[in-house]
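Engineer: Pasting the sequence and the predicted model now:
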2 protein chains.
Amino acid sequence: MINACICTIGDEILIGQVIDTNSSYLAVALEEAGVRVTRMISIGDKKEDIEETLRKELSRSTIVITTGGLGPTKDDITKGVLKELSGSRGYVEHAGQLEMIHKILSGRGLDILPINLAQAMVPDKAEVIVNQLGTAPIMVFRNIGGGTLYALPGVPHEAVGAIPAIMEDIRSHQQLTHICHRNIMVYGIAESALSELIAPWEDALPEDMHLAYLPNPLTGIRLRLSIYSGDEAEQKARIQEQLTALKAILGNRVYADGDSTLEETLGEIFKANGLTVSCAESCTGGEIAHLFTSVAGSSSYFLGSVTSYAISVKEKVLGVPVDTIREHGVVSSEVVAAMAEGVRRLTGSDYAVATTGLAGPSGDENNPVGTVWIGAAGPHGTQTVRCQFRHDRKRNIERFAASALDFLRRFVLADLNS
Amino acid sequence: MINACICTIGDEILIGQVIDTNSSYLAVALEEAGVRVTRMISIGDKKEDIEETLRKELSRSTIVITTGGLGPTKDDITKGVLKELSGSRGYVEHAGQLEMIHKILSGRGLDILPINLAQAMVPDKAEVIVNQLGTAPIMVFRNIGGGTLYALPGVPHEAVGAIPAIMEDIRSHQQLTHICHRNIMVYGIAESALSELIAPWEDALPEDMHLAYLPNPLTGIRLRLSIYSGDEAEQKARIQEQLTALKAILGNRVYADGDSTLEETLGEIFKANGLTVSCAESCTGGEIAHLFTSVAGSSSYFLGSVTSYAISVKEKVLGVPVDTIREHGVVSSEVVAAMAEGVRRLTGSDYAVATTGLAGPSGDENNPVGTVWIGAAGPHGTQTVRCQFRHDRKRNIERFAASALDFLRRFVLADLNS
């Protein structure tokens, strides 16, 4: 495998003002293409530091990718350093980027200043990939200090937007092992339990295959199966065979093939079956509705929700009987069932999901922090489940919401498959 | 100013599985204490890389802080490298960390395995700060390769939890310039417009003061004023004087003294005045309710919310007259006013805020993507405002929600001050 170093340039990262997410997106893309990232470095807008770091890293990495330091203002000095390092004699204007600068700035109704036009000037040894999303060009320097250097803008959506183009360039200029990856999305099992459950299958994987666990509180665990040898058709067939066996072990814990989220998966199910949904939230306080509506096009199946933080709202808006609350307590199976049924009735949706629990910081006399009751209601009845977490308020709200989405998914699928 | 290097150790960052947030929190703390971070580096769990990097950075930085590589498993090798670099002869057991290991694991109902106990063993040249949040000790190595090295665990809440203790150690062992910082929180003005508005004040700042702009889509702009000379009492008095002048320029755009969020500030206002609030959301889809309820203790003033994605929910649940929708369209001042009044009536809250708009990806015939109407209703009437953004769906939802909270804040304050 060839090596790469990712280098972010800019004071704003060193003072903690900005968290570097660009490096992480780049690393995922490089790793999936079969390039090993050996080092990530953040340095400031200081000539000697940029020079020294790039010289050193180019001498030991096949690829160096920089982000940042390409803005129009005086403190962005990376382009000048790259001119020297690459042995360029001067700057040349790049017609394609110049056109893009005009297009972007006039589209925003802004005047085009000389400092903007200067962004189209690049060292004469640079190849340019036109940045479609911003004014600073993406530059490629080949045979610079022993490696290839890609200079990307630092603005996150521009840097991430440049990834496909530079990955294509890397693929066409480097001898990469073809690696085939496939993801499946799993919810409702802890990483350690999952690892135990699939150990016999995982231990029997052939040597040229590798499984990675990529956990996330809102989406569960992404299992990525990679294969490192064989031609593409053979890789696809062999990976498919292994995934079929894996999915048979995991059953309905697998919620999607490929990258997806629980709310996207639910959206696909509702759309495909012409169904609608609503929700009633207590402890999750709007997070479930927020997740549903973060999906573009969700208005075709998501009708609405009620956040019933106060008991009076549970009674008056959702119609939870006051006796049910008095008898069983707010955090109970009976109350969450009445909430789900109440919002389903109120909105006229086919399905509804509800939550009541204690996100923290404190529990009550009957339930510790991290207790949640989840209810799902549909045309054939209502089901509830109790889950227990033990995190802080913020993480509990995330886990509660994701667990509710997954419970609803299984509930709807059971109806559809019956 | 003395220099520091932050070094994260672990393969999970290099493959992009984890975004490094620890370095950013450390950088903020160091910068505020008057330590300049000159470099951040991420390397993998590879002995030669760790050795070479730490040797190099210790030779040119007063302080090196590592995070990660201290876990109990075989792939965590940082402790062994530090033993060699520090010239330790062997390992010694640290009684305080050993006790903490027993306490933490038995508190989680877990067996205590030999690999857990081994975590209490540290190189004999290390000073230990007991990690109250995990099993790996925080280690301090003085006079190691020319600098001081702090080794922190990589788990984010443990690393962040260790910051106060190591900052105290740095303050007591290094000659730091005393820097005094004060923050104010500003909302409702773009960074460029803010910069123009306060330019006369900022240009007149004395040489030993510095203003930083720290923008965030959900909380607006944090303005940090720092002073680098004088004794503490003098610093405080001079900074107070400048902030008083700055706040007079900014008026009610300033929503808090010190670090805060809009939802926390609103919560303080509601609690202090014994008021309650509710919300009705269309395009923000639950995000406003989520922000309100992310504050611990919000149940004392936040009664609930309705997310009315479907028109039928706007009519049936919130009581928005069908004629109002037909006449003015869903995205209109009239509809958002009726939504705010509807949810206020429904929940019986003192105040209510509502949103209706187009987050994206597409607009409609009358409104482009990024249009939002915000309404606030209270005991003395209702007000609405139209805002226009032009981001993607996710960022528009954030901006809409933050703008609604700020509009409600000004609306409530106007009532309280009248």
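Structural biologist: It's in. Numbering: from 1, shown residues only, chains lettered A, B, ... in the order given.

Engineer: Counting neighbours, what do you get for the residue lying closest to A:V155 once chain neighbours are set aside?
Structural biologist: Distances taken as CB to CB, 6 or more residues apart in numbering or on different chains place A:G134 nearest to A:V155, at 5.9 Å, with adjacent residues excluded. Backbone N, C-alpha and C define where each C-beta goes, glycine included. By the criterion of other CB atoms under 10 Å in any protein chain shown, A:G134 has 22 neighbours.

Engineer: any idea how far A:G134 is from chain B?
Structural biologist: Remark: distance between A:G134 and chain B (CB to the nearest CB, to the nearest Å) = 15 Å.

Engineer: In which helix or strand does that residue reside?
Structural biologist: A:G134 belongs to no helix or strand when elements are defined using DSSP states H and E.

Engineer: so how far is A:E196 from it?
Structural biologist: 47 Å (CB to CB, to the nearest Å).

Engineer: picking that back up, what sits against the residue nearest to A:V155?
Structural biologist: Contacts for A:G134 (CB atoms under 8 Å, 6 or more residues apart in numbering or on different chains) come out as A:104, A:153, A:155, A:158.

Engineer: Need phi/psi at it.
Structural biologist: phi -160, psi -180 (degrees, to the nearest 10).

Engineer: Mind pulling up the pLDDT for it?
Structural biologist: For A:G134, the model assigns a pLDDT of 88.

Engineer: Helix, strand, or coil at the residue of chain A positioned farthest from its centre?
Structural biologist: Farthest-out residue of chain A from its mean C-alpha position, per CA atoms, centre = their mean: A:D323, at 43.7 Å. Assigned with DSSP: H, G, I helix; E, B strand; the rest coil, A:D323 falls in the helix class.

Engineer: and the stretch 301-418 of chain A, which of its residues are near chain B?
Structural biologist: Within the stretch 301-418 of chain A, the positions lying close to chain B (CB under 8 Å from any CB of the partner chain) are A:302-310, A:312-313, A:316-317, A:346-348, A:360-361, A:393-394, A:397.

Engineer: and if we set it to 10 Å?
Structural biologist: A:301-314, A:316-318, A:343, A:346-349, A:359-362, A:390-395, A:397, A:401 (CB under 10 Å from any CB of the partner chain).

Engineer: Can you flag which of those belong to strands?
Structural biologist: Among these, the members found in strands (DSSP state E) are A:302-308.

Engineer: Next, find the distance separating A:A359 from A:N396.
Structural biologist: 4 Å.

Engineer: Neighbour count for the two, which is higher?
Structural biologist: Between A:A359 and A:N396, counted using other CB under 10 Å, A:A359 has the larger neighbour count: 30 against 24.

Engineer: tell me the contacts of that one?
Structural biologist: Contact analysis of A:A359 by CB atoms under 10 Å, 6 or more residues apart in numbering or on different chains lists A:282-285, A:287, A:369-372, A:389, A:391-400, B:293-294, B:296.

Engineer: Give me the domain ranges for chain A.
Structural biologist: Under automatic domain parsing, the residue ranges defining each domain of chain A are A:2-173, A:180-257, A:262-417.

Engineer: Now, the contacts of A:G134 that are in helices?
Structural biologist: A:104, A:158 (DSSP state H).

Engineer: The contacts of A:A359 in helices, which ones?
Structural biologist: Short answer: the contacts of A:A359 in helices (DSSP H) are A:287, A:393-400, B:293.

Engineer: just to revisit the earlier point, indicate which one of the domains of chain A is closest to B:I65.
Structural biologist: domain A:2-173 (12.6 Å; CB to CB).

Engineer: Endpoint to endpoint, the closest one covers what distance?
Structural biologist: Start-to-end span of domain A:2-173 (CA to CA, to the nearest Å) is 12 Å.

Engineer: again, but for stretch A:298-313
Structural biologist: Rule used - CA to CA; the end-to-end distance of stretch A:298-313 is 25 Å.

Engineer: Quick check: buried residues in that stretch?
Structural biologist: By neighbour count on 16 or more other CB atoms under 10 Å in any protein chain shown, the buried set for stretch A:298-313 is A:298-299, A:301-311, A:313.

Engineer: of all those residues, which comes closest to A:S24?
Structural biologist: Nearest member of the buried residues of stretch A:298-313 to A:S24, counting by CB to CB, is A:S298, at 27.3 Å.

Engineer: what pLDDT does the closest one get?
Structural biologist: Confidence for A:S298, expressed as pLDDT, is 97.

Engineer: Run through the residues that contact the residue lying closest to it once chain neighbours are set aside.
Structural biologist: Leaving aside its chain neighbours, A:S298 sits nearest to A:F292 (5.5 Å; criterion: CB to CB, 6+ apart). Residues in contact with A:F292 (CB under 10 Å, 6+ apart) are A:262-263, A:266-267, A:270, A:277-279, A:298-299, A:301-305, A:353, A:401, A:405, B:285-286, B:307, B:309.

Engineer: quick one: contacts for A:E315?
Structural biologist: Here A:E315 is in contact with A:308, A:321-322, A:324-325, A:338, A:342 (CB under 10 Å, 6+ apart).

Engineer: swap the cut-off to 8 Å and go again
Structural biologist: A:321-322, A:325.

Engineer: Quick check: the gap between it and chain B.
Structural biologist: Counting by CB to the nearest CB, the gap from A:E315 to chain B is 11 Å.

Engineer: ok, and what's touching stretch A:90-110?
Structural biologist: A:83, A:111-112, A:116-117, A:119-124, A:128, A:130-132, A:134-135, A:137.

Engineer: rerun at 6 Å
Structural biologist: With CB atoms under 6 Å, 6 or more residues apart in numbering or on different chains as the test, stretch A:90-110 has contacts from A:112, A:116, A:120-122, A:124, A:128, A:130, A:135, A:137.

Engineer: Could I get the CA-only coordinates of that stretch as PDB?
Structural biologist: C-alpha atoms of stretch A:90-110 as PDB (Å, rounded to 0.1, in the frame of the first residue of the first chain):
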ATOM      1  CA  GLY A  90       6.300  32.300 -11.700                       C
ATOM      2  CA  TYR A  91       2.500  32.400 -11.700                       C
ATOM      3  CA  VAL A  92       0.200  31.700 -14.700                       C
ATOM      4  CA  GLU A  93      -3.500  32.500 -14.900                       C
ATOM      5  CA  HIS A  94      -5.800  29.600 -15.100                       C
ATOM      6  CA  ALA A  95      -8.700  30.400 -17.500                       C
ATOM      7  CA  GLY A  96     -11.100  27.800 -16.100                       C
ATOM      8  CA  GLN A  97     -10.800  29.000 -12.500                       C
ATOM      9  CA  LEU A  98     -11.000  32.600 -13.500                       C
ATOM     10  CA  GLU A  99     -14.300  31.900 -15.200                       C
ATOM     11  CA  MET A 100     -15.500  30.100 -12.000                       C
ATOM     12  CA  ILE A 101     -14.500  33.100  -9.900                       C
ATOM     13  CA  HIS A 102     -16.600  35.500 -12.000                       C
ATOM     14  CA  LYS A 103     -19.500  33.000 -12.000                       C
ATOM     15  CA  ILE A 104     -19.500  32.500  -8.200                       C
ATOM     16  CA  LEU A 105     -19.000  36.100  -7.200                       C
ATOM     17  CA  SER A 106     -21.500  37.600  -9.600                       C
ATOM     18  CA  GLY A 107     -24.000  34.900  -8.600                       C
ATOM     19  CA  ARG A 108     -23.700  36.200  -5.000                       C
ATOM     20  CA  GLY A 109     -24.100  39.800  -6.300                       C
ATOM     21  CA  LEU A 110     -20.600  40.700  -5.100                       C
END
